[in-house]
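Peer 1: here is a sequence together with a model predicted from it:
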Amino acid sequence: MHRSIDWADGAIVVIDQTALPAEYRLLELRTIGELAGAIKRLAVRGAPALGAAGALGVALSAHLGGDVRADAELIANARPTAANLAWGVERALAKLPAGKDAVLAEALALLTEDEELNKAASAHAAEIVLAECPRRPLRLLSHCNTGRLATVGWGSALGVVWHLHERGLVESVLVGETRPLLQGARLTAWELAQAGVPYRVHADSAAAAAMARGLVDCVLVGADRIAANGDVANKIGTYGLAITARHHGVPFVVVAPSSTVDSKLADGARITIEERDARELTEYAGVPITPPGAEVFNPAFDITPAALITAVVTEHGRFRPWLSSPGARS
Ligand code: MRU
């Protein structure tokens, strides 16, 4: 499999995540408008992959001789919740005075690091899962997609599954379908199938029943933005899973690279939550499913309070919100 996002011959190349699992196809994004469109419709998605998209977008603008600062703002604002998007933009933009080659080199370095950092974060998280959960082999529950597709090439929460599977410690993964855009059913299930990890897809609303029946040893999720106090913004439904996990005494572990930590935000209440198009709920595969004119409530993310989370884990280990430096080592 290719990286989820890369640079080739003057273009940003992404795996089109809107087409999977029916079709594996690559998209070449040659303008800033094409990149912003791909981000908005989730052809490239997942917080770490968005960080790479931000950095490569600045490199593309510099390569095209565009108004790089204006383009950078446009890209950074394409989606509001994932901290990594503006972080990636700013990191590449800082190299602009050194010229377009320096900007591209920085973006490509960020891509390589992303894989290393997610491998490290998920390795730390795997040890925490093993310490928290006595049963072997493990039955894990995943929400949204936090794998290779959501990062540049390894995965955050799903990266924990890869580490544990390599050691023969995974019995199966329960995959929340993740309404309304089905990142779990379409993307996570596809990645698990590719890797030969046993999995079962469930309706999001079945997660509580699975925990009540004792079928889940640990819930593993990623993050889009982590506030300084450890509150986590992640795919809609994460908060409900955390409440349910607490009720049933199931460990709830969040895995993300430290680029997802927004130390400027004191708590999760200050995180901007993206509201998406009503048609994601009023239509299914293009067919209307609600009465004409139905109003919808369609937040793409929710906030899980730190108090409900067993551990937030970055490449530095367990995130300790009570220490002044976010990402401080455990
Ligand atoms: O709307 P999406 O698909 O971009 O949402 C993605 C998520 O919520 C992921 O859980 C998060 O970005 C972490 S991905 C490693």
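Peer 2: Great, that's in hand. Numbering: from 1, shown residues only.
Peer 1: so what's the residue count around residue 144?
Peer 2: Other residues within reach of residue 144, judged by other Cβ atoms under 10 Å, total 29. In short, each C-beta sits where N, CA and C put it, glycine included.
Peer 1: got the domain ranges for the chain?
Peer 2: Domain assignment for the chain by automatic domain parsing gives 5-113, 119-318.
Peer 1: can the last one be said to contact the ligand?
Peer 2: Yes. Judged by Cβ under 6 Å from any ligand atom, domain 119-318 comes into contact with the ligand at 144, 146, 150, 151, 156, 183, 222, 223, 224, 234, 235, 300.
Peer 1: mind putting the residues you listed into TSV with secondary structure?
Peer 2: Compiled in TSV, those are given as follows (DSSP: H, G, I helix; E, B strand; the rest coil):
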residue	secondary structure
144	coil
146	coil
150	coil
151	coil
156	coil
183	helix
222	coil
223	coil
224	coil
234	strand
235	strand
300	coil
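Peer 1: now these in TSV, with distance to residue 267?
Peer 2: Converted to TSV, these look like this (distance: Cβ to Cβ, whole Å):
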residue	distance to residue 267
144	22
146	23
150	25
151	26
156	22
183	26
222	19
223	14
224	15
234	15
235	19
300	20
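Peer 1: so which of these is the closest to residue 101?
Peer 2: Of all the residues of domain 119-318 next to the ligand, residue 101 sits closest to residue 151, with 25.3 Å by Cβ to Cβ.
Peer 1: my read is that that closest one contacts residue 111, right?
Peer 2: No. Residue 151 is beyond contact range of residue 111, at 9.9 Å (criterion: Cβ atoms under 8 Å).
Peer 1: which one's more surrounded, those two?
Peer 2: residue 151 (35 against 23).
Peer 1: show the pLDDT at that one.
Peer 2: Note on residue 151: pLDDT of 98.
Peer 1: could I get the full set of helices for the stretch 201-330 of the chain?
Peer 2: 207-212, 238-248, 279-282 (DSSP state H, counting those that start in this stretch).
Peer 1: tell me the contacts of residue 306?
Peer 2: 229, 230, 231, 232, 312, 321 (Cβ atoms under 8 Å, 6 or more residues apart in numbering).
Peer 1: for the last one, which non-adjacent residue is spatially closest?
Peer 2: Of all residues beyond its chain neighbours, the one nearest residue 321 is residue 230 (3.7 Å), with distances taken as Cβ to Cβ, 6 or more residues apart in numbering.
Peer 1: quick check: the one you found touching residue 313?
Peer 2: No. Contact criterion Cβ under 8 Å: residue 230 and residue 313 do not qualify, at 11.3 Å.
Peer 1: between the contacts of residue 306, which is closest to the ligand?
Peer 2: residue 232 (9.7 Å; Cβ to the nearest ligand atom).
Peer 1: got any ranges where the chain has weak pLDDT?
Peer 2: Scanning the chain for pLDDT under 70 picks out the ranges 322-330.
Peer 1: longest helix of it?
Peer 2: As assigned by DSSP state H, the longest helix anywhere in the chain is helix 100-132.
Peer 1: mind listing what's buried in that one?
Peer 2: 100, 102-104, 106-108, 110-111, 113-115, 117-126, 128-130 (16 or more other Cβ atoms under 10 Å).
Peer 1: again, but for stretch 288-308
Peer 2: Quick answer for stretch 288-308 (16+ other Cβ under 10 Å): 300, 301, 302, 303, 304, 305, 306, 308.
Peer 1: again, but for stretch 170-183
Peer 2: 170, 172-183.
Peer 1: got those as CSV, with secondary structure columns?
Peer 2: Shown next, in CSV, are the buried residues of stretch 170-183 (three-state DSSP):
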residue, secondary structure
170, strand
172, strand
173, strand
174, strand
175, strand
176, strand
177, coil
178, coil
179, coil
180, coil
181, coil
182, coil
183, helix
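Peer 1: run a quick neighbour tally on whichever residue of the chain sits closest to the ligand.
Peer 2: Using Cβ to the nearest ligand atom, residue 222 is the residue of the chain that sits closest to the ligand, at 2.7 Å. For residue 222, the count of nearby residues is 32 (other Cβ under 10 Å).
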